[in-house]
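Participant: Below is the sequence, then the predicted model.
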Amino acid sequence: MGKHKIAQAFQTVEERGHKAFVPYIMAGDGGLDQLDDQLTFLEEAGATVVELGIAFSDPVADGPTIQEAGLRALENGVTLRKVLATLKESKSERNIPIVLMTYINPIHAFGVEQFAEACDEAGVDGLIIPDVPLEEETLLTPHLEKYDIALIRLAALTSTKDRLTEIAKRTEGFLYAVTVTGTTGARTSFKENLSEHLQALKAQCNVPVLAGFGVSTPEHVQNLTAYCDGVVVGSRIVDLLHKGDRETIKELIAAAKG
Ligand SMILES: O=P(O)(O)OC[C@@H](O)[C@@H](O)c1c[nH]c2ccccc12
């Protein structure tokens with residue numbers, strides 16, 4: 001479980017000569033009773049890992065598509081506790097690693113130690129917590145280590161060189177290379193020097209480097225994976241899942257297979 005399960009999933013992708021594809025979905029968008037079916041669909045469509053978002057009242061890093069999905073989930077009565085309970089029930093039926101994306105407040109409300117234990121019981125393999133800077137992560141790390149849960153760090157375009165080096169060294173599971181400045185959301189183009197940025201991160205990192213934010217077409221997937229190990233796709237997946245267009249999701253995931 002945990003870090004090792006994530007590492008194994010990436011290894012399988014590499015052995016097949018593919019790139020990793022990590023879809024983001026908002027837990028409880030469409031109702032929590034849909035979650036198992038959504039995870040099974042993504043696993044069967046060839047996703048490497050799933051990033052599962054927890055709806056939050058103040059999602060500072062989220063763009064409009066993810067915010068709206070969060071509102072729908074909150075209207076459905078979704079809470080961190082309910083998501084963990086749902087994951088726990090279907091744990092044995094699932095192979096794909098799960099990474100939870102949540103802000104720090106709900107974790108504090110839960111209690112850090114209890115949260116780590118509940119993640120372990122639910123089969124959560126990693127965490128993305130965008131509002132915990134490097135300086136504050138020791139709040140979490142001892143508890144996550146106890147259960148082998150990966151803390152996936154985000155590398156921002158605006159970080160200094162030294163800070164990027166530190167983030168690349170510390171990250172677990174994979175490095176989340178944010179490809180744009182600003183919030184999440186589909187975009188049409190990326191910065192010109194993004195390829196060098198990704199390659200520089202790759203050179204300093206012992207785990208896969210995945211590019212995320214704004215990735216929304218098969219062309220984006222193919223262009224970016226020339227310089228890194230895979231992609232994270234959020235807003236486009238959330239939008240397609242909400243519309244019920246699963247065929248286009250399959251095509252996006254297939255783009256990572258080259
Ligand atoms: O939606 P996009 O632009 O495809 O970006 C991925 C993103 O949505 C997902 O990884 C995510 C959702 N909320 C976040 C908050 C911080 C970092 C990452 C995220």
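Facilitator: On my side now, so go ahead.

Participant: got a list of what G182 touches?
Facilitator: Each residue near G182 by CB atoms under 8 Å, 6 or more residues apart in numbering is listed here: 63, 213. In this view, the C-beta of every residue, glycine as well, is placed from N, C-alpha and C.

Participant: and the gap between the residue in the chain that the ligand sits nearest to and T184?
Facilitator: Relative to the ligand, the nearest point of the chain is G234 (2.2 Å; CB to the nearest ligand atom). Using CB to CB, to the nearest Å, G234 is found at 5 Å from T184.

Participant: The two: which has the busier surroundings?
Facilitator: G234 (28 against 25; other CB atoms under 10 Å).

Participant: is it true that the more buried one touches P64?
Facilitator: No - here G234 lies out of contact with P64, judged by CB atoms under 8 Å, at a distance of 11.8 Å.

Participant: My reading is that A118 is in a strand; is that accurate?
Facilitator: No - checked against DSSP: H, G, I helix; E, B strand; the rest coil, A118 lies outside a strand; its state is helix.

Participant: Find the nearest non-adjacent residue to it, please.
Facilitator: If the residues on either side of it in the chain are set aside, A118 comes closest to L84, at 4.9 Å by CB to CB, 6 or more residues apart in numbering.

Participant: Distance check, the one you found against P133.
Facilitator: Distance, L84 to P133, using CB to CB: 25 Å.

Participant: Please say which of the two ends up with more neighbours.
Facilitator: Neighbours were counted for L84 and for P133 using other CB under 10 Å; L84 has more, 21 against 12.

Participant: Let me see the contact set for the more buried one.
Facilitator: 118-119, 121-122, 124.

Participant: isn't there a helix covering it?
Facilitator: Yes - using three-state DSSP, the secondary structure at L84 is a helix.

Participant: what about E219, which SS state?
Facilitator: Following three-state DSSP, E219 is assigned to helix.

Participant: With the ligand in mind, check whether stretch 241-250 reaches it.
Facilitator: No - shown here: stretch 241-250 not in contact with the ligand (CB under 6 Å from any ligand atom), separated by at least 12.4 Å.

Participant: try stretch 123-137
Facilitator: Yes - remark: stretch 123-137 sits within contact range of the ligand at 128, 130, by CB under 6 Å from any ligand atom.

Participant: Between the two ends of that stretch, how far is it?
Facilitator: Length of stretch 123-137, first residue to last, CA to CA, to the nearest Å: 22 Å.

Participant: and if you look at stretch 220-235?
Facilitator: Terminal residues of stretch 220-235 lie 14 Å apart, using CA to CA.

Participant: For that stretch, the averaged confidence score.
Facilitator: The average of the pLDDT scores along stretch 220-235 is 97.

Participant: any idea how far that stretch is from the chain center?
Facilitator: Stretch 220-235 sits 13 Å away from the centroid of its parent chain (CA atoms, centre = their mean, to the nearest Å).

Participant: For that stretch, buried residues please.
Facilitator: Neighbour counts using 16 or more other CB atoms under 10 Å place 220-221, 223-225, 227-235 of stretch 220-235 among the buried residues.

Participant: again with stretch 250-258
Facilitator: Buried, per 16+ other CB under 10 Å, within stretch 250-258: 250, 252-253, 255-256.

Participant: if we take these, which one ends up nearest to E89?
Facilitator: When these are compared for distance to E89 (CB to CB), I253 wins out at 25.5 Å.

Participant: Contacts only, for that closest one.
Facilitator: Residues near I253 by CB under 8 Å, 6+ apart: 21, 23, 42, 45-47.

Participant: So which of these belong to helices?
Facilitator: Of the contacts of I253, the ones assigned to helices by DSSP state H are L42.

Participant: Make CSV from the contacts of I253 and add neighbour count and pLDDT to it.
Facilitator: Output for these, formatted as CSV (neighbours: other CB atoms under 10 Å; pLDDT from 0 to 100):
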residue, neighbour count, pLDDT
F21, 27, 98
P23, 27, 98
L42, 24, 98
A45, 17, 98
G46, 16, 98
A47, 25, 98
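
Participant: Good, we can wrap up now.
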